[in-house]
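how would this look folded up:
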Amino acid sequence: VSPRKKKDISSVSNSGATEDRLSFKPAMVVVCVALIAVGFEVFNWGTTATVNPRNTFDERDSPRNTFNDDIKKGKMQRSAPMPNDSLGLTHNEILSSLEAAVEKSDPDTARQLVKSIVRSEDPEYPRNAAKYFYRTEEPGLLGLRVDLLRRAFDLTFNPEPVMIGGRQRIRVHGDSDKRRITQQVGLALEAHGRKDEAHALYRAAVEQKLWAFPDQRPQHFFRSIQSGPPFPKPSTYGDAVKLLEKSFAEIQRELLLHRNFPGHLKLDAERLAVSGNWFQAEFLHQGHWHEENVKKFPTTAKVLREIQERFAFQLPDGVFQMSTIASGTVVRPHCGSANHKMRLHLALSVPEGDVGIKIANETDSWTMGKVLVVDDSYLHYVWNKSPQPRTVLIVDVWAAEISEDVKQAVRQHFQKRDARTAARQRQHQP
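Now for the predicted structure:
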């Protein structure tokens, strides 16, 4: 096929023209279609998922590159190419230098480092670099955060060829990747004072069926799971709530006994705290028990194991942890990872004063010894402006009224995600 005929084939495919433009023998058409399908599978080394006939989930059912149209219509400006330059540093050295520049509020140095980072064809590099800007309020630095995430946005929706195994390949990103970067770009725009652009971006994502509502923006969104209120009634999860509240006194006793034990706490790993500190003591994360904490909190662990068996059996991406928000802490707005689970908060230590949580447009707080049910797939943030810390036991359970078929589809989705993650890690091993 001559180059000109190749161009005509593309034109026919894109415009929907009939075979009066070009005529092929049926056999040739079949062969061409088969070759295209094989080539697509070979080069699609990114996110994929099988379409469930019940439409439980579909990681790739939104039209590819549809956000291009929204960018062209002015809903979001496309990131301008930044000049190429080489600093002669490794990725880790550049990231370390960027973190130091942001901490020193040095926008000039940060800008030079960002120029180098956005040259990457891998959207994860600028996306990871943007995390160093979360605590800054310097307008110039906030603008650089937007630049980094917009570059990651472009590479996610319009991937560029990269060399893998000596061959050029294009990674096709699934809806989970698109949701994550869209959420991050929107939050960066809001932090930069560009709320209209952010809200237009969220509305465009809903129009493209990435989410159902602008305020509910989890990375993993399962359309067959009906969205409910931000604060579901505790009676909806009655048995789990009763078990936790019945065990409150013993769990609180263990917390007070080990409050000063340094080994069981970790700092906010996702850098979500805008001010103050957020600590978590993990018991269960992604199916793995934290044995040190299990030994220190035997009664708590016993209750949590029963919760897992009865209400969170084989629950993907679920966590059991104690969460402590220190005095003077504000946790920035964010969304949970998925909408297939519900989060129960057993209040263990609630100080008097201005302490609360806002989800979407609703605000609530905690009552000592009681469970507050929250749907963290909605946009939410937490604050503690009291003089004392606030501590809750966080327990993730399956969302109510999910059938076993849907649960199995959700498990398969996360199994595929884990397999893809492992494959990418092997590709980057020396």
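
every contact and neighbour count from this point should use C-alpha atoms.
Noted.

how about stretch 147-156 as PDB, C-alpha atoms only?
C-alpha atoms of stretch 147-156 as PDB (Å, rounded to 0.1, in the frame of the first residue of the first chain):
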ATOM      1  CA  ASP A 147       2.800  23.100  34.800                       C
ATOM      2  CA  LEU A 148       4.000  19.800  36.000                       C
ATOM      3  CA  LEU A 149       0.600  18.300  36.300                       C
ATOM      4  CA  ARG A 150      -0.600  19.600  33.000                       C
ATOM      5  CA  ARG A 151       2.400  18.000  31.300                       C
ATOM      6  CA  ALA A 152       1.400  14.700  33.000                       C
ATOM      7  CA  PHE A 153      -2.200  15.300  31.900                       C
ATOM      8  CA  ASP A 154      -1.100  15.700  28.300                       C
ATOM      9  CA  LEU A 155       1.000  12.500  28.400                       C
ATOM     10  CA  THR A 156      -1.800  10.600  29.900                       C
END
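
next one: that stretch to chain centre, how far?
Here stretch 147-156 is found 15 Å from its chain centre; the criterion is C-alpha atoms, centre = their mean, to the nearest Å.

okay, buried residues for that stretch please.
147-156 (16 or more other C-alpha atoms under 10 Å).

where does pLDDT dip in the stretch 251-400 of the chain?
Per-residue confidence for the stretch 251-400 of the chain (pLDDT under 70) gives these ranges: 260-265, 269.

the strands in it, which residues?
Along the stretch 251-400 of the chain, counting by DSSP state E, counting those that start in this stretch, strands occupy 266-267, 273-275, 278-285, 288-289, 319-325, 329-334, 341-349, 355-359, 362-364, 371-374, 380-384, 390-398.

can you list the neighbours in contact with the last one?
Surrounding strand 390-398, the residues in contact under the criterion C-alpha atoms under 8 Å, 6 or more residues apart in numbering are 304, 308, 311-312, 315, 318-327, 340-351, 355, 384.

how about a cut-off of 6 Å?
311-312, 318-325, 341-350 (C-alpha atoms under 6 Å, 6 or more residues apart in numbering).

ok, which stretches of the stretch 51-200 of the chain are strands?
162-164, 167-169.

P161 against R169, yeah?
Yes. Using C-alpha atoms under 6 Å, P161 is in contact with R169, at 5.2 Å.

my read: D317 touches G287, true?
No. Checked against C-alpha under 6 Å, the pair D317 and G287 is beyond contact range at 7.8 Å.

relative to R151, how far out is the nearest residue to L87 once chain neighbours are set aside?
Nearest non-adjacent residue to L87, counting by C-alpha to C-alpha, 6 or more residues apart in numbering: S116, 7.2 Å away. Relative to R151, S116 is positioned 12 Å away (C-alpha to C-alpha, to the nearest Å).

ditto for K302
Counting by C-alpha to C-alpha - K302 and R151 are separated by 47 Å.

ok, now S235?
Counting by C-alpha to C-alpha - S235 and R151 are separated by 45 Å.

still on that earlier bit, out of the strands of the stretch 251-400 of the chain, which gets nearest to P139?
strand 273-275 (15.5 Å; C-alpha to C-alpha).

which helices and strands sit right next to that closest one?
strand 329-334 (3 or more C-alpha pairs under 6 Å, 6 or more residues apart in numbering; DSSP states H and E).

list the contacts of the strand it packs on.
Contact with strand 329-334 is made by 272-277, 379-384, as judged by C-alpha under 6 Å, 6+ apart.

list the buried ones in that strand?
For strand 329-334, by 16+ other C-alpha under 10 Å, it's 329-334.

stretch 233-242 now?
234, 237, 240-241.

tell me how far stretch 357-367 lies from the chain's centre.
21 Å.

can I get it in CSV, CA atoms only?
Output of stretch 357-367 as CSV, limited to C-alpha atoms (Å, rounded to 0.1, in the frame of the first residue of the first chain):
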residue,chain,number,x,y,z
ILE,A,357,-14.9,16.8,58.4
LYS,A,358,-16.6,18.2,55.3
ILE,A,359,-17.6,15.9,52.5
ALA,A,360,-18.9,17.5,49.3
ASN,A,361,-21.3,20.1,50.7
GLU,A,362,-22.1,18.5,54.0
THR,A,363,-20.2,18.9,57.4
ASP,A,364,-20.2,16.7,60.4
SER,A,365,-18.0,15.8,63.4
TRP,A,366,-17.3,12.8,65.8
THR,A,367,-18.9,11.7,69.0
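
okay, buried residues for that stretch please.
Buried-residue list, stretch 357-367, by 16+ other C-alpha under 10 Å: 357-360, 366.

repeat that for stretch 249-256.
Quick answer for stretch 249-256 (16+ other C-alpha under 10 Å): 251-252, 255.

show me the helices in the protein, by range?
3-15, 26-43, 66-72, 91-103, 107-117, 124-129, 139-157, 175-191, 195-207, 238-246, 248-257, 291-296, 298-311, 404-427 (DSSP state H).

which one of these lies closest to Q388?
Taking the helices of the chain one by one with C-alpha to C-alpha, helix 248-257 is closest: 14.0 Å.

from N92, how far out is L393?
For L393 relative to N92 (C-alpha to C-alpha), the value is 36 Å.

between these two, who's got more neighbours?
Taking neighbours as other C-alpha atoms under 10 Å, L393 and N92 compare with L393 leading, 25 against 9.

name the nearest residue to that one, sequence neighbours excluded.
Counting by C-alpha to C-alpha, 6+ apart, the residue nearest L393 is M322, at 4.4 Å.

including distance to E137, could the strands of the stretch 251-400 of the chain go into TSV?
Converted to TSV, the strands of the stretch 251-400 of the chain look like this (distance: least, C-alpha to C-alpha, whole Å):
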stretch	distance to E137
strand 266-267	21
strand 273-275	10
strand 278-285	19
strand 288-289	37
strand 319-325	21
strand 329-334	13
strand 341-349	31
strand 355-359	22
strand 362-364	25
strand 371-374	29
strand 380-384	18
strand 390-398	26
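
can you tell which of those strands is closest to S97?
That would be strand 273-275 among those, by C-alpha to C-alpha, at 21.1 Å.

residues in contact with the closest one?
135, 329-332.

and which of those is nearest to Y202?
Lowest distance from Y202 to the contacts of strand 273-275 (C-alpha to C-alpha) belongs to R332, with 17.8 Å.

state the distance from that closest one to R420.
Applying C-alpha to C-alpha to R332 and R420 gives a distance of 30 Å.

can you check L149 too?
For L149, the distance to R420 - C-alpha to C-alpha - is 22 Å.

any low-confidence regions in the stretch 101-250 of the chain?
Those would be 163-165, if you go by pLDDT under 70 across the stretch 101-250 of the chain.
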